[in-house]
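>>> fold the stuff below for me.
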Amino acid sequence: MNLSSNGLPIPFTPELFGPLRPSADLLESRDPGALRERLHADGCLYLPGLLDRAEVLRLRGAYFSLFPPGLLAPGSGPEDGVFSGRVPEEVPEYGVAGHPAYAFVRSPPFDRFVADPVLSALARQLLGGDAEMLPRRILRHFHRGTRRASRAHVDFDYMDEGSPRVVTFWIPVGDCPPKTGALVYLEGSHRLPPEEYAPLRDITDRPGDRRQICHDLELTARTLGRRWLYADFAAGDVMVHLPRIIHASLDTTTDAMRLSVDTRFVRSGDTPDPRWLRPWAADDGA
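I've put the predicted structure just below:
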């Protein structure tokens, strides 16, 4: 399997990659303590089949149906999300006002999807009390040919003006194996002191943004002596992670486009980062 991130290849070898541990069994055991213990031990939870697959695919179809003709491959439907190889000229820059993603995160179908009681109940279990979803909920959309992916980073560097008691839910909106641009997590990296990976911030394709750790995932793994953990994500799966685990995404190289939702919960009564109290836009600077 040939993988890359931000155009840089990364060998798919046992030295650099390992499988995520599924944790759906702990949900079925109805033991919140065991679920929290696993989250803090691993820094993340892989929960296959948590959401209804049909609902996830309906959301995918609702989003891709907002685009003008030309984005989707001939003969494919919105739920398939198969890229034609061309973005219509009239589509604005991704995620800004006028782009379908900007309107979609402010729409009733999106609100209903992220308000699924399964998600809020899980957040309460993991945070050990009442939890609130932050209004800044992100929709990510990647297609082949862009060579653009999320660089290695930790969430807390983007929300360090609020409580550290926060969990991120990453929801693939459609099947998302590694070659479609899935997230990967650096094994046990939530236990690393920031000064250990600070030197990697000097090796970057975005020198003006010190929140990024590194765009070179192979270098990051070898420098820190840890594997990237991955899964063949399917529609209905959910990943949960802590704010200090290093994670990144791979390049989308399949015809199927990658679509995903990031939503975050904080413990009720905690002070959230004020930048996350307004709806997301790709140019909001947060």
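
>>> only C-alpha atoms for contact and neighbour calcs from this point on.
OK.

>>> and the contacts of stretch 167-177?
56-57, 59-60, 123, 127, 182, 231-243, 258-266 (Cα atoms under 8 Å, 6 or more residues apart in numbering).

>>> got a quick ChimeraX command for the buried subset of those residues?
Restricted to buried positions by 16 or more other Cα atoms under 10 Å, the ChimeraX selection for the contacts of stretch 167-177 reads:
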select :56,57,59,60,123,127,182,231,233,234,235,236,237,238,239,240,241,242,243,258,259,260,261,262,263,264,265,266
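
>>> quick one: which of the contacts of stretch 167-177 sit in helices?
56, 57, 59, 60, 123, 127 (DSSP state H).

>>> how about those residues in TSV, adding distance to residue 198?
Formatted as TSV, the ones in helices among the contacts of stretch 167-177 follow (distance: Cα to Cα, whole Å):
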residue	distance to residue 198
56	37
57	39
59	38
60	37
123	30
127	28
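
>>> report the contact partners of the nearest residue to residue 92 once chain neighbours are set aside.
Nearest non-adjacent residue to residue 92, counting by Cα to Cα, 6 or more residues apart in numbering: residue 99, 5.3 Å away. Each residue near residue 99 by Cα under 8 Å, 6+ apart is listed here: 91, 92, 93.

>>> which SSE is the second one in?
Element membership for residue 92, per DSSP states H and E: none, as it lies in no helix or strand.

>>> report the central residue of this structure.
residue 170 (4.3 Å; Cα atoms, centre = their mean).

>>> what residues sit buried inside the least confident helix or strand in the chain by mean pLDDT?
When the helices and strands of the chain are compared on mean pLDDT, DSSP states H and E, helix 24-28 comes out lowest with a mean of 87. Applying a neighbour-count criterion of 16+ other Cα under 10 Å, one finds 24, 26 buried in helix 24-28.

>>> stretch 73-90 too?
Under 16+ other Cα under 10 Å, the buried positions of stretch 73-90 are 73, 78, 79, 80, 81, 82, 83, 84, 87.

>>> mind checking how far residue 220 is from residue 261?
25 Å (Cα to Cα, to the nearest Å).

>>> quick one on the thing from earlier: okay, the contacts of residue 99 in JSON lines with neighbour count and distance to residue 215 next?
Formatted as JSON lines, the contacts of residue 99 follow (neighbours: other Cα atoms under 10 Å; distance: Cα to Cα, whole Å):
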{"residue": "91", "neighbour count": "13", "distance to residue 215": "27"}
{"residue": "92", "neighbour count": "13", "distance to residue 215": "26"}
{"residue": "93", "neighbour count": "13", "distance to residue 215": "22"}
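
>>> thanks a lot, see you next time.
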